[in-house]
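S.K.: Fold the following and give me the result.
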Amino acid sequence: MPEKNCQYAPAEEMLALKPAAVLIPLVDTKTGLSIILTTRTQHLHNHAGQISLPGGMRDESDINPVATALRETNEEIGIPADYIDVIGSLEHYSTPTGFIITPIIGRIMPGFSLQADPFEVDEIFMVPLAFLFDEQNQQKHIYSGLQKNGTKNTLSYYEFNYGEKRIWGITAAILVNFYKRLKDNHPLFCELVPQIRSQ
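M.R.: Residues are numbered from 1 along each chain as shown. Alright, predicted model coming up:
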């Protein structure tokens, strides 16, 4: 098996952005692998009410993005680092709100329990990986608008509609990128590919 290489250096223009990290928490369920997602509370300053992966801004005590993702996951949904087997990471994502986000992939070990932080998390739920990895559910949209200087700006974004839950923006982009890397047999995720394709 090729050696795992999960180091992605941010581009120079991203270095001025505020560092953050999220965890892609993979959980074994009776119907196959699922991902834990959260609905953010309505009063938060950034991305209020949106569906997101557990995570947040880097703290001064965090030595790297993995430490940020593990700490934030424990704070937001109550899973300690001892229950998370870190597999690797994806490329960084920059946001219009000034963050650079590093997605960390982690397998959640049996015996964990979930406890939502009432300040940040309104709801915790799981979505089957088979649903997220079905290309028919990966809806791509084009948005056109005007910037403050009057120039036209065209953006594309992904969206999933899982029942009444709308997963879009950076969270959807990260999940689609995760799927593409597995689909392409990227060595970082080779151990997961047979499990995904058997579902």
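S.K.: Show the residue spans covered by the strands in the chain.
M.R.: 18-29, 32-40, 51-52, 55-57, 84-89, 93-94, 99-108, 121-128, 139-146, 152-162, 165-168 (DSSP state E).
S.K.: The last one pairs with which strands?
M.R.: Right, the one you point to is strand 165-168. Counting by DSSP bridges, the strands paired with strand 165-168 are strand 152-162 (antiparallel).
S.K.: Kindly report the same for the fifth one.
M.R.: Partner strands and pairing direction for strand 84-89 (DSSP bridges) are strand 99-108 (antiparallel).
S.K.: Equivalent analysis for the second one, please.
M.R.: As defined by DSSP bridges, the strand partners of strand 32-40 come to strand 18-29 (antiparallel), strand 51-52 (antiparallel), strand 121-128 (antiparallel).
S.K.: And the contacts of that strand?
M.R.: 24-27, 47-54, 76-77, 108, 114, 116, 120-130, 132, 165, 167, 171, 175, 192, 195-196, 199 (C-beta atoms under 8 Å, 6 or more residues apart in numbering). To be clear about C-beta, it is placed using only N, CA and C from the backbone, and glycine gets the same treatment.
S.K.: Can you point out the buried residues in it?
M.R.: Within strand 32-40, the residues that count as buried by 16 or more other C-beta atoms under 10 Å are 33, 34, 35, 36, 37, 38, 39, 40.
S.K.: for the closest residue to residue 39 other than its chain neighbours, what are its contacts?
M.R.: Spatial nearest neighbour of residue 39, chain neighbours left out: residue 123 (4.2 Å); criterion: C-beta to C-beta, 6 or more residues apart in numbering. Going by C-beta under 8 Å, 6+ apart, residue 123 touches 38, 39, 116.
S.K.: how much space between residue 123 and residue 158?
M.R.: Distance, residue 123 to residue 158, by C-beta to C-beta, to the nearest Å: 21 Å.
S.K.: how near is the residue nearest to residue 39 to residue 40?
M.R.: Distance from residue 123 to residue 40, by C-beta to C-beta: 9 Å.
S.K.: Could you do residue 133 as well?
M.R.: Distance of residue 133 to residue 40, given as C-beta to C-beta: 24 Å.
S.K.: Can you give the distance of stretch 107-127 from its chain's centre?
M.R.: Centre-to-centre, stretch 107-127 and its host chain are 14 Å apart (C-alpha atoms, centre = their mean, to the nearest Å).
S.K.: and the top helix by length along the chain, which residues are buried?
M.R.: In the chain, taking DSSP state H as the definition, the longest helix is helix 169-183. Within helix 169-183, the residues scored as buried using 16+ other C-beta under 10 Å are 169, 170, 171, 172, 173, 174, 175, 176, 178, 179, 181, 182.
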